[in-house]
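A.B. asks: Structural data only, the sequence is not supplied:
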């Protein structure tokens, strides 16, 4: 997937370093996982409303993240993941790193 230079630049800090390599500046408004869920339409209505209100306040950084994630979601094919692979992945990642499963997530995201 080709990403335009404006989007790529949003992932860099003011000193030009990739965001992951810099400890001086981090996106602190919301967690990346919240934006990913938002773009996919997964959060409960209250959380979606909070995220949308934040975007409506013209936060350029978060708007750029959402714009980028929308491109990723649009370019990502929907696939059905076999249950045995989901179970294997759940065994690999420690439980404390996973968020609590919401009703419907398991069926909806495979």
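C.D. replies: All right, it came through fine. None of the values given here were measured: they were computed from a predicted structure.
A.B. asks: Please enumerate the helices of the protein.
C.D. replies: 5-10, 32-40, 45-56, 60-75, 83-92, 105-108 (DSSP state H).
A.B. asks: CSV for those helices, including mean pLDDT?
C.D. replies: Output for those, formatted as CSV (pLDDT from 0 to 100):
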stretch, mean pLDDT
helix 5-10, 41
helix 32-40, 93
helix 45-56, 95
helix 60-75, 94
helix 83-92, 89
helix 105-108, 52
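A.B. asks: now these in JSON lines, with mean neighbour count?
C.D. replies: Glycine gets a C-beta too; all of them are placed from N, C-alpha and C. Shown next, in JSON lines, are the helices of the chain (neighbours: other C-beta atoms under 10 Å):
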{"stretch": "helix 5-10", "mean neighbour count": "11"}
{"stretch": "helix 32-40", "mean neighbour count": "17"}
{"stretch": "helix 45-56", "mean neighbour count": "13"}
{"stretch": "helix 60-75", "mean neighbour count": "15"}
{"stretch": "helix 83-92", "mean neighbour count": "10"}
{"stretch": "helix 105-108", "mean neighbour count": "11"}
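A.B. asks: Identify the residues contacting residue 73.
C.D. replies: Each residue near residue 73 by C-beta atoms under 8 Å, 6 or more residues apart in numbering is listed here: 39, 40.
A.B. asks: mind running it again at 10 Å?
C.D. replies: Residues in contact with residue 73 (C-beta atoms under 10 Å, 6 or more residues apart in numbering) are 36, 39, 40, 41.
A.B. asks: wait, doesn't the first one sit right on residue 76?
C.D. replies: No - with contact defined as C-beta atoms under 10 Å, residue 36 does not reach residue 76; the gap is 11.2 Å.
A.B. asks: Name the residues contacting each of the two.
C.D. replies: With contacts taken as C-beta under 10 Å, 6+ apart, not a single residue reaches both residue 36 and residue 76.
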